[in-house]
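Colleague: My questions are about this predicted structure, shown below with the sequence.
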Amino acid sequence: MECISVFDMLKIGVGPSSSHTFGPWRAGRRWIAELKENKLFTSVISIKVDLFGSLSLTGKGHATDIASILGLCGYDPQTIDVALIPEIIDQIKSDKTLLFNQELKVDFDPETQIIFNREFKEFHPNAITFTATLADNKTIDSTFYSIGGGFVVQEERKREKKKMEAFREFPLPIQKASDLISYCQQKNKMISEIVLENEQSLQSDAEINNRIQEIWNVMLESMYTGCHTEGTLPGGLNVRRRAYDTHKKLIGDSTYNNPTEWIEAIRNTEVKFRQILKWVSCFALAVNEVNASLGRVVTAPTNGSAGVIPAVMMYYMVIENHDANFDDVKQFMLVAGEIGSLFKKGATISAAMGGCQAEIGVSSAMAAGALTELMGGTPEQVVMASEIAMEHHLGLTCDPIGGLVQIPCIERNAMGAIKAINACEMALDSDAASAKVPLDKVIETMWETAKDMNTKYKETSEGGLAIKVSLSDC
């Protein structure tokens, strides 16, 4: 069993894709560490990057080439000034050299030294191989697999023993939803309390609080930025940002100077049913418009589904509970992260493995369960809400037009958020003991569906909308 922390499921990164951008970025940094460990780093004189399978087929649209370069340069996706990314890439293309880990100048022409290979490697559809030419003209390479949500592994699983040791540190090991419910019943605790007990075995309360605050700050900032940024998204589809126009109509003449004041301003707006639908959709669209423009978002559990969880949390803060504070945010994120980890362990959070059910479906399930606990639901109702949300995303394909995380990805976040809220309400009105479909069964079903799904519907842009709607139509 894997030791998966809440902070493995909720990570701060740069858009547009956790598996195609964030993962290759992290893989580049991992390779640097590997070379240094083997005392080969200073011998490198040239680098080649090979992208395989889904990373290749939708790599341009997902900025996989850009992310690979930034990882090799040693930039941290959590702290890089995203406004400087175009300038950094243009300089490398012009000079045909790269400052490896900001230390060592090496030959690198992105046009010829990033190679897009259509074939798939057997271990996982998202493969990236880094090859270094050394000063003695020998070459050395390493292959990494971006398995979704920013997680990166190697086939030989060098870190497996370390992962198992870390897992044994958890006082309450959880593999399935039934394990989670069993602990809640034994200890008479809420899911968030069980999850917190495990997190406390890894880090202090202060560290947990600081990291959750950082995550919420980025979520809130991405919503705020998206709602206040007008224009067209990059990539060639000419997709107009919609959050700006929707927000302008909803917020009216309210005045505010920062995201905190903005929350109060929204609380004072009209909140009939139509407005609630529009606000939730607006929050979700805003995040994923930021994501589509290589902005900073929280991978939750992926970048393509980054808008669902912040939109539902914001819904709770501005509609359901005007007194909501950090404690509510913390409770929400703990539950959401744990639900996501169940899908990671029992199925997948990679669209290249399972289609969009693995992204929007999982994020909707995470948000539904988290909202249900905040709304006073029992642990059993929490997992019921998560099951309902996923059940109605089963089979959802990943077919991005032009390989861009824009159509239909951005709208799907709005739909996933609305479904999460609806699933919560249905669970709260139900006797969870009479639920016919356990969460564990829907996770198993999602994995079987993923394995049965035609490869062209798994983030290849070779099926569905991706071939029915061409760039020329846009």
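Modeller: Ah, there it is.
Colleague: Please count neighbours and contacts with C-alpha atoms only from this point.
Modeller: Noted.
Colleague: nearest residue to the residue most central in space within the chain other than its sequence neighbours?
Modeller: Centrality entry for the chain: nearest residue to the mean C-alpha point is residue 302, 1.6 Å, by C-alpha atoms, centre = their mean. Spatial nearest neighbour of residue 302, excluding adjacent residues (C-alpha to C-alpha, 6 or more residues apart in numbering): residue 149 at 4.4 Å.
Colleague: In a strand, residue 127, correct?
Modeller: Yes. Assessed by DSSP: H, G, I helix; E, B strand; the rest coil, residue 127 belongs to a strand.
Colleague: where does the protein have low pLDDT?
Modeller: Residues of the chain meeting the criterion pLDDT under 70: 1, 157-168, 470-474.
Colleague: which stretches of it form strands?
Modeller: Counting by DSSP state E, the chain has strands at residues 11-14, 44-53, 97-100, 104-107, 114-117, 126-134, 139-148, 151-153, 296-299.
Colleague: quick one: which of those strands is nearest residue 394?
Modeller: strand 139-148 (17.7 Å; C-alpha to C-alpha).
Colleague: relative orientation of that closest one and strand 126-134 in degrees?
Modeller: Per axes from the mean of the first three to the mean of the last three C-alpha atoms, to 10 degrees, the angle that strand 139-148 makes with strand 126-134 is 160 degrees.
Colleague: thinking again about what came up before, residues contacting the residue nearest to residue 302?
Modeller: Going by C-alpha atoms under 8 Å, 6 or more residues apart in numbering, residue 149 touches 9, 18-19, 23, 299-303, 349-350.
Colleague: could the strands of the chain be laid out in a markdown table, adding distance to residue 394 and mean neighbour count?
Modeller: Output for the strands of the chain, formatted as a markdown table (distance: least, C-alpha to C-alpha, whole Å; neighbours: other C-alpha atoms under 10 Å):
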| stretch | distance to residue 394 | mean neighbour count |
| --- | --- | --- |
| strand 11-14 | 25 | 26 |
| strand 44-53 | 24 | 22 |
| strand 97-100 | 43 | 22 |
| strand 104-107 | 46 | 17 |
| strand 114-117 | 30 | 18 |
| strand 126-134 | 22 | 22 |
| strand 139-148 | 18 | 20 |
| strand 151-153 | 23 | 20 |
| strand 296-299 | 21 | 30 |
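Colleague: Which among the ones you listed is found nearest to residue 369?
Modeller: Nearest to residue 369, of all these, is strand 296-299, at 17.7 Å by C-alpha to C-alpha.
Colleague: quick one: contacts of that closest one?
Modeller: Contacts for strand 296-299 (C-alpha under 8 Å, 6+ apart): 9-15, 18, 78, 82, 149-150, 215, 218-219, 222, 287, 290-291, 303, 305-306.
Colleague: That strand pairs with which strands, parallel or anti?
Modeller: Strand pairing for strand 296-299, using DSSP bridges, gives strand 11-14 (antiparallel).
Colleague: Just the CA trace of the strand it pairs with, in PDB.
Modeller: Only the C-alpha atoms of strand 11-14 are listed here, as PDB (Å, rounded to 0.1, in the frame of the first residue of the first chain):
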ATOM      1  CA  LYS A  11       0.000  20.300  -5.200                       C
ATOM      2  CA  ILE A  12       0.900  23.800  -6.300                       C
ATOM      3  CA  GLY A  13       2.100  23.900  -9.900                       C
ATOM      4  CA  VAL A  14       1.800  25.600 -13.300                       C
END
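Colleague: List the buried residues of the helix ranked longest in the chain.
Modeller: Longest helix in the chain, counting residues (DSSP state H): helix 205-227. Using 16 or more other C-alpha atoms under 10 Å as the test for burial, helix 205-227 gives 208, 211-212, 215-216, 218-227.
Colleague: Name the surrounding residues that touch that helix.
Modeller: 7, 10-12, 199-200, 243-244, 247, 259, 282-290, 296-298, 310, 326, 329-330, 333.
Colleague: How about the contacts made by the nearest residue to residue 323 once chain neighbours are set aside?
Modeller: Nearest residue to residue 323, sequence neighbours excluded (C-alpha to C-alpha, 6+ apart): residue 317, at 7.4 Å. Residues near residue 317 by C-alpha under 8 Å, 6+ apart: 263, 323-325.
Colleague: May I see those residues arranged in CSV, with neighbour count and distance to residue 103 as well?
Modeller: Shown next, in CSV, are those (neighbours: other C-alpha atoms under 10 Å; distance: C-alpha to C-alpha, whole Å):
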residue, neighbour count, distance to residue 103
263, 17, 43
323, 9, 49
324, 15, 46
325, 10, 43
